[in-house]
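>>> Sequence first, predicted model second:
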Amino acid sequence: MYFAYIFLNSFTENLPVGLALCIVPFLLGWLFAYIYHKVTALRDENAELQLKVSDQTNAITELRMNLSKTESELETKSGDLRKAKDSLILCESERNALREQVGDDGKSSKAVKAAPKAAEVRTVMFAGAKVKWDDLEIVEGIGPKIAKLMHDAGITTWDQLSMTSPYRLREILDGGGPQYNIHDPETWPQQADLASKEKWDDLKKLQDELTGGKA
């Protein structure tokens, strides 16, 4: 009995120490396992993020290359467009100059002037009013000041106006100053063409659909 009492008393006294010796390694092992699991997960997540960053970097590089190529092509096309516009203006100027030298019958205007005759101003009735032939003001949107701009640019007849592109007309207006920016010459060649062909009903119908020359 004495020895049993001694053993029981010794066991009771050493129980906390024994439990501590068992629990502490367990807790340390669990902690190390948890930390290892977290570190591994973070490494995998970091590797995935690095892969996405690499893909995004490659995509950005490709986009920059495409942008640079597109800008280069745009600059080239812009240069070609400017050359085409300059050529158009030059051709229209040369054509208008030739039209001044050559009459409708194909003879030189100088030859026509060699046989002077009494000046005769042709007039037509349009919209209840008498209008001089080739008066540019018959066109909806053209007033006295714009007509003068056209005359100064070598456009003095309906036929010439009908053969002039809206782009060239816009150039002439811009040359007159910012006060002409509100005018839209898009329909002016069409109106002039109808007038030169004496299609008065069609011209009146078109002008009734316009406001200041704009559709």
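Ah, there it is.

>>> Where do the domain boundaries of the protein fall?
When the chain is parsed with automatic domain parsing, its domains come out as 1-117, 121-208.

>>> With respect to burial, which of those scores highest?
domain 121-208 (a mean of 16; mean count of other CB atoms under 10 Å). C-betas here are computed from N, CA, C, even on glycine.

>>> Report the secondary structure state of the residue nearest the centre of the chain.
Closest residue to the average C-alpha location of the chain: residue 74 at 11.6 Å, with CA atoms, centre = their mean. Under the three-state scheme (DSSP: H, G, I helix; E, B strand; the rest coil), residue 74 adopts helix.

>>> Distance of it relative to residue 68?
11 Å (CB to CB, to the nearest Å).

>>> Ok, residue 166 next?
From residue 166 to residue 68 the distance is 35 Å (CB to CB).

>>> now this structure, which segments are flagged as low pLDDT?
1-20, 85-86, 89-90, 92-93, 96-97, 99-120, 211-215 (pLDDT under 70).

>>> what about the helices in it?
2-101, 109-114, 144-152, 158-162, 166-176, 188-196, 200-208 (DSSP state H).

>>> Report the distance from the fifth one to the chain centre.
The one in question is helix 166-176. Remark: helix 166-176 is offset 20 Å from the chain centroid, using CA atoms, centre = their mean, to the nearest Å.

>>> Provide the contact partners of that helix at residue level.
85, 88-89, 92, 145-146, 149-150, 153, 155, 180-181, 183, 185-186, 188-189 (CB atoms under 8 Å, 6 or more residues apart in numbering).

>>> Tabulate the CA atom coordinates of that helix in CSV.
C-alpha atoms of helix 166-176 as CSV (Å, rounded to 0.1, in the frame of the first residue of the first chain):
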residue,chain,number,x,y,z
PRO,A,166,-17.6,70.8,-102.2
TYR,A,167,-14.1,70.4,-100.8
ARG,A,168,-12.8,73.1,-103.1
LEU,A,169,-15.7,75.3,-102.2
ARG,A,170,-15.0,74.8,-98.5
GLU,A,171,-11.4,75.9,-99.2
ILE,A,172,-12.6,79.1,-100.8
LEU,A,173,-14.9,79.8,-97.9
ASP,A,174,-12.2,79.2,-95.4
GLY,A,175,-10.0,81.6,-97.3
GLY,A,176,-12.6,84.3,-96.9
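
>>> before we move on, the earlier item: reformat the helices of the chain as TSV; add distance to residue 126.
Listed next are the helices of the chain as TSV, based on distance: least, CB to CB, whole Å:
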stretch	distance to residue 126
helix 2-101	24
helix 109-114	27
helix 144-152	16
helix 158-162	12
helix 166-176	21
helix 188-196	8
helix 200-208	6
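
>>> closest to residue 134 out of the ones you listed?
helix 158-162 (5.5 Å; CB to CB).

>>> Who are the packing partners of the closest one?
helix 2-101, helix 188-196 (3 or more CB pairs under 8 Å, 6 or more residues apart in numbering; DSSP states H and E).

>>> For those helices, give me JSON lines that also has distance to residue 132.
Listed next are the helices and strands packed on helix 158-162 as JSON lines, based on distance: least, CB to CB, whole Å:
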{"stretch": "helix 2-101", "distance to residue 132": "19"}
{"stretch": "helix 188-196", "distance to residue 132": "11"}
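
>>> Kindly provide the distance from the residue nearest to the centre of the chain to residue 67.
10 Å.
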